[in-house]
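Participant: Okay, here's the prediction I keep looking at, along with the sequence it came from:
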Amino acid sequence: MFFYIDWLYIILVLPAVILSLWASARVNSTFKKYSQIHSLSGLTGAEVARRILYENGLYDVKIEQTHGHLTDHYDPRTNVVRLSESTYSSTSSAAIGVAAHEVGHAIQHARNYIPLKLRNAIVPVTNIGAKLSMPLILLGIVLSAFGPYFAYLAYFGVACFSLCALFQLLTLPTEFNASRRALKAIDECGILDREEMAGARRVLSAAAMTYVAALAVTLAQLLRLVLIVGSLNNRRR
């Protein structure tokens, strides 16, 4: 039996995948740790979200509870901040940090923050590119045996996949900026003391690392695909 070893995946992608797994485990452990430290203010994540929204003049943004763990997000289509069960009614510094972060996205949306607008604008084409990339790459590789021009299908597939990298690249400044807005708002409103603020900051830093790791995985995979498709030219020589 013949076994194929994808050395490009092992060398390029696997380390990034390991980084991603570590980042995911870290954000969960950090959130769990600071979920046990309740704020002296006694405010819940939902109350903090509402307070920061009002402080920024955003009275039309709804706050809803959603199922799941760390499923918190802001939906710009419906102008709703959705907080997970572990955030909505919790008074912990972790929950307050996460809630304020999602409100940061709502503030970005209201202030027409450019990276967020660009990221939202490419969502449709990114979704299409993600679905077409692998089929086009595989089809191009297989059909290139019958003619050199079929290799362009594979190159087009790589271009489609690169849209995923662009989306995640735009996600980084969006997420970091939302965290900065969150910490600033928490401090200005006097919601957390110094020790509690440190916990919220660590939770948001751990969460930001997951986006860095996700970008690393995508870039590593993109490089792998470029090398694989680029090798088609060498095979035809």
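Facilitator: Ah, there it is. Numbers count the residues shown, from 1 in each chain.
Participant: tell me the contacts of Ser86?
Facilitator: Phe31, Ser35, His69, Leu70, Ala95 (C-beta atoms under 8 Å, 6 or more residues apart in numbering). The way it works is simple: take the backbone N, C-alpha and C, and place the C-beta from them, glycine included.
Participant: Go through those residues and say which is closest to Lys131.
Facilitator: Lys131 lies nearest to Leu70 out of those, by C-beta to C-beta, at 26.3 Å.
Participant: List the buried residues in stretch 28-46.
Facilitator: Buried residues in stretch 28-46, counted by 16 or more other C-beta atoms under 10 Å: 30-31, 33-35, 37-39, 41, 43-46.
Participant: ugh, wrong one, stretch 145-155
Facilitator: For stretch 145-155, a neighbour-count test (16+ other C-beta under 10 Å) marks Phe150, Ala151, Leu153, Ala154, Tyr155 as buried.
Participant: can I get the buried residues of stretch 28-46 in JSON lines with secondary structure?
Facilitator: Listed next are the buried residues of stretch 28-46 as JSON lines, based on DSSP: H, G, I helix; E, B strand; the rest coil:
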{"residue": "Thr30", "secondary structure": "helix"}
{"residue": "Phe31", "secondary structure": "helix"}
{"residue": "Lys33", "secondary structure": "helix"}
{"residue": "Tyr34", "secondary structure": "helix"}
{"residue": "Ser35", "secondary structure": "coil"}
{"residue": "Ile37", "secondary structure": "coil"}
{"residue": "His38", "secondary structure": "strand"}
{"residue": "Ser39", "secondary structure": "coil"}
{"residue": "Ser41", "secondary structure": "coil"}
{"residue": "Leu43", "secondary structure": "coil"}
{"residue": "Thr44", "secondary structure": "coil"}
{"residue": "Gly45", "secondary structure": "helix"}
{"residue": "Ala46", "secondary structure": "helix"}
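Participant: I'd like to know which of those is nearest to Gly104.
Facilitator: Gly104 has its nearest neighbour among those in Gly45, at 13.4 Å by C-beta to C-beta.
Participant: List the contacts of the closest residue to Phe161 other than its chain neighbours.
Facilitator: Nearest residue to Phe161, sequence neighbours excluded (C-beta to C-beta, 6 or more residues apart in numbering): Ser133, at 3.8 Å. By C-beta under 8 Å, 6+ apart, the contact set of Ser133 is Gly157, Val158, Cys160, Phe161, Cys164.
Participant: if we can go back for a sec, in strands only, show me the buried residues of stretch 145-155.
Facilitator: Within those, no residue falls in strands by DSSP state E.
Participant: Which ones among those residues lie within helices?
Facilitator: Secondary structure defined by DSSP state H assigns Ala151, Leu153, Ala154, Tyr155 of those to helices.
Participant: So among those residues, where is pLDDT lowest?
Facilitator: Within these, Ala151 has the lowest pLDDT, namely 87.
Participant: mind listing what that residue touches?
Facilitator: Gly140, Ile141, Ser144, Val229, Leu232, Asn233 are the contacts of Ala151 under C-beta under 8 Å, 6+ apart.
Participant: Which two of the contacts of Ser86 have the greatest separation?
Facilitator: His69 and Ala95 (11.7 Å).
Participant: Looking at the two, which one has more neighbours?
Facilitator: Taking neighbours as other C-beta atoms under 10 Å, His69 and Ala95 compare with Ala95 leading, 30 against 12.
Participant: is it true that that one touches Glu47?
Facilitator: No - using C-beta atoms under 8 Å, Ala95 makes no contact with Glu47, being 10.4 Å away.
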